[in-house]
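Engineer: Here you go, sequence then predicted model.
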Amino acid sequence: MGEMVEFAANGSTARGYVAAAGRSGPGVIVLQEWWGLVPQIKGVCDLLADEGFTALAPDLYHGEMATHTEMDKAGELMTSLPPERAARDMSAAIDYLLGHDACSSSTVGVTGFCMGGLLTLRIAAIAGDRVSAAAPFYGAPLGDDSLDWSNLSAKVEGHFAASDDFFPPDACEALAQQLRDMGKDVVFHTYEGTGHGFGNWEDPLGTYNEQAWSTAWSRALSLLRANVT
């Protein structure tokens, strides 16, 4: 359904996958798991296009990716991703999407998974009022005292696993409460009986939960429809 595109990124060039509906629709940024810009992430963009959105997934690894049998490589790619470059590429992706002929909105929504969930909240804070809705899945910037939340204006609705060693639900809810105490509009849902990665239908960790994913995805779509205009 979609296509790979290139766009300017602060004096350099970035790339990503764009999927658009047959008509102009609200823009959504999709942020990858630690595997990279793999077919499943492109599939999320396609699902959004089926729902009338125009979705862009930036390639934050610049062509690198890991298969589901290469967890060590995925971890290395994630830990070696320069934070400044990731922020630059995500911000440039927002600008590109807002200027795309198939994007009808003046703001974007952001959703992401695992590492991409963490980055969803990070770019929502960095980009300020350019991001009006954020739907992170089983990922959050826990313990990151360097992050300035003052510019976060998006409505946030997150989706987390009840059993997750990477992003423990108690720590995630503590972050949500911290943001609410700052006056931010934040709700985190925890899905009983789920593990990290419950929304990845390729099931790399053996944790895919169709019922939880269906509920969480429906909630994310409702969030995006109501807030990305």
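Structural biologist: Received, thanks.
Engineer: got the residue ranges for the helices in this structure?
Structural biologist: For the chain, the helices defined by DSSP state H cover 39-50, 71-79, 83-98, 115-127, 169-181, 210-227.
Engineer: Only the buried residues of the longest one, if you could.
Structural biologist: Yep, that's helix 210-227 we're talking about. 212-213, 216-217, 219-221, 223-224, 227 (16 or more other CB atoms under 10 Å). From N, CA and C alone the C-beta is placed, and that goes for glycine too.
Engineer: repeat for stretch 184-200
Structural biologist: Neighbour-count burial for stretch 184-200 flags 184, 186, 188, 190-191, 194-200 (criterion: 16+ other CB under 10 Å).
Engineer: try stretch 129-136
Structural biologist: 130-136.
Engineer: got it, and stretch 3-14?
Structural biologist: So, applying 16+ other CB under 10 Å, buried residues of stretch 3-14: 5, 7, 9, 14.
Engineer: sorry, back to before: of the buried residues of stretch 129-136, closest to residue 30?
Structural biologist: Distance to residue 30 across those (CB to CB) is lowest for residue 135, with 10.0 Å.
Engineer: Next, work out how far apart the closest one and residue 205 are.
Structural biologist: Taking CB to CB, to the nearest Å as the measure, residue 135 and residue 205 are separated by 20 Å.
Engineer: count of residues packed around residue 38?
Structural biologist: Look at residue 38: counted by other CB atoms under 10 Å, it has 19 neighbours.
Engineer: Let me know how buried residue 175 is, in neighbour terms.
Structural biologist: 20.
Engineer: With respect to residue 142, which of the helices of the chain lies nearest?
Structural biologist: Using CB to CB, the helices of the chain put helix 169-181 closest to residue 142, at 5.0 Å.
Engineer: Residue 127 touches residue 91, doesn't it?
Structural biologist: Yes. Shown here, residue 127 and residue 91 form a contact pair, counting by CB atoms under 8 Å, at 6.2 Å.
Engineer: what about those two, which has more around it?
Structural biologist: Of the pair residue 127 and residue 91, residue 127 is the one with more neighbours under other CB under 10 Å, namely 24 against 19.
Engineer: separation between that one and residue 54?
Structural biologist: Note on residue 127: its distance to residue 54, by CB to CB, is 17 Å.
Engineer: now swap in residue 29 and tell me
Structural biologist: As judged by CB to CB, residue 29 and residue 54 stand 10 Å apart.
Engineer: The two: which is more packed in?
Structural biologist: Neighbours per residue (other CB under 10 Å) separate residue 29 from residue 54, with residue 29 holding more: 30 against 26.
Engineer: Against residue 100, how distant is that one?
Structural biologist: As judged by CB to CB, residue 29 and residue 100 stand 12 Å apart.
Engineer: now the buried residues of stretch 184-200 in CSV, with distance to residue 159 and pLDDT?
Structural biologist: CSV is the format used below for the buried residues of stretch 184-200 (distance: CB to CB, whole Å; pLDDT from 0 to 100):
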residue, distance to residue 159, pLDDT
184, 17, 98
186, 13, 98
188, 8, 98
190, 8, 98
191, 7, 98
194, 9, 98
195, 13, 98
196, 12, 98
197, 12, 98
198, 9, 98
199, 7, 98
200, 12, 98
